[in-house]
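Asks: the sequence and its predicted three-dimensional model are supplied below.
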Amino acid sequence: MRQSLLSRKLRLGDNHLTGLPPGFGRLTRLQTLSLSGTQLAVLPRELQRLTSLNDLNLSGIELVALPAWIGRLISLQTLDLSGNGQLTALPAEIGRLAGLQVLFPQWRSIGWPVAGMDGVLLWRQMNPAARRLT
């Protein structure tokens, strides 16, 4: 059972990680992945194989762009992009994520609305103490 749990949740955040190990894309049952606070400037392409991901935390990694293949993560429900001040746009392919329920963007830098994202909730970062979804 331990192996099953480990293969579904992985937190690699807050370290000096600049890439992912070979074979990472084979973790196809992975449901939760946190890369928060790593030093990944670009998302590795092998992440696109993780189609079982429900929760992806990319906060604070200073992404410049979100790749179009993000639309292949069909199970994604939560995407945390907060703390990525250089990220100013989302790819149109993000509209393919029909199950995406919550998006945590860098509030002031990403324009909204995004086509195909009408039902997605945004966490209002202008007043985090209020804990309101908009």
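Replies: Perfect, I can see it now. The structure displayed is predicted, hence computed values, not measured ones. Numbers count the residues shown, from 1 in each chain.

Asks: could you pull out the strands for the chain?
Replies: With DSSP state E as the criterion, the chain has strands at 9-11, 32-34, 55-57, 78-80, 102-104, 121-122.

Asks: strands paired with the fifth one, and their directions?
Replies: If I follow you right, that is strand 102-104. strand 78-80 (parallel), strand 121-122 (parallel) (DSSP bridges).

Asks: count of neighbours near P67?
Replies: Neighbour count for P67, taken as other Cβ atoms under 10 Å: 16. Yep, even glycine has a C-beta here, placed from its N, CA and C like the rest.

Asks: let me redo that: L97
Replies: So L97, with other Cβ under 10 Å, has 21 neighbours.

Asks: what residues are up against the residue nearest to it when sequence neighbours are not counted?
Replies: Leaving out its chain neighbours, the residue that sits closest to L97 by Cβ to Cβ, 6 or more residues apart in numbering is L76, at 5.2 Å. Contacts for L76 (Cβ atoms under 8 Å, 6 or more residues apart in numbering) come out as 53-56, 70, 97, 99-100.

Asks: by mean pLDDT, point me to the weakest helix or strand of this protein.
Replies: helix 2-6 (a mean of 45; mean pLDDT, DSSP states H and E).

Asks: lowest average pLDDT across the strands paired with strand 102-104?
Replies: Comparing mean pLDDT across the strands paired with strand 102-104, the lowest value falls on strand 121-122: a mean of 56.

Asks: what about stretch 10-29, average pLDDT?
Replies: 87.

Asks: pull the CA atoms of it into PDB?
Replies: Output of stretch 10-29 as PDB, limited to C-alpha atoms (Å, rounded to 0.1, in the frame of the first residue of the first chain):
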ATOM      1  CA  LEU A  10       4.900  13.700  -4.800                       C
ATOM      2  CA  ARG A  11       6.200  16.900  -3.300                       C
ATOM      3  CA  LEU A  12       9.500  18.000  -4.700                       C
ATOM      4  CA  GLY A  13       9.200  21.600  -3.700                       C
ATOM      5  CA  ASP A  14      11.600  24.100  -2.000                       C
ATOM      6  CA  ASN A  15      14.800  22.700  -3.300                       C
ATOM      7  CA  HIS A  16      17.400  23.500  -6.000                       C
ATOM      8  CA  LEU A  17      15.800  21.100  -8.500                       C
ATOM      9  CA  THR A  18      16.500  22.200 -12.100                       C
ATOM     10  CA  GLY A  19      15.200  19.200 -13.900                       C
ATOM     11  CA  LEU A  20      13.400  15.900 -13.500                       C
ATOM     12  CA  PRO A  21      15.000  12.500 -13.300                       C
ATOM     13  CA  PRO A  22      14.900  10.200 -16.400                       C
ATOM     14  CA  GLY A  23      11.700   8.200 -16.500                       C
ATOM     15  CA  PHE A  24       9.700  10.700 -14.500                       C
ATOM     16  CA  GLY A  25       7.000  10.600 -17.200                       C
ATOM     17  CA  ARG A  26       6.300   6.900 -16.300                       C
ATOM     18  CA  LEU A  27       4.600   8.000 -13.100                       C
ATOM     19  CA  THR A  28       1.300   7.900 -14.900                       C
ATOM     20  CA  ARG A  29      -0.700   7.200 -11.700                       C
END
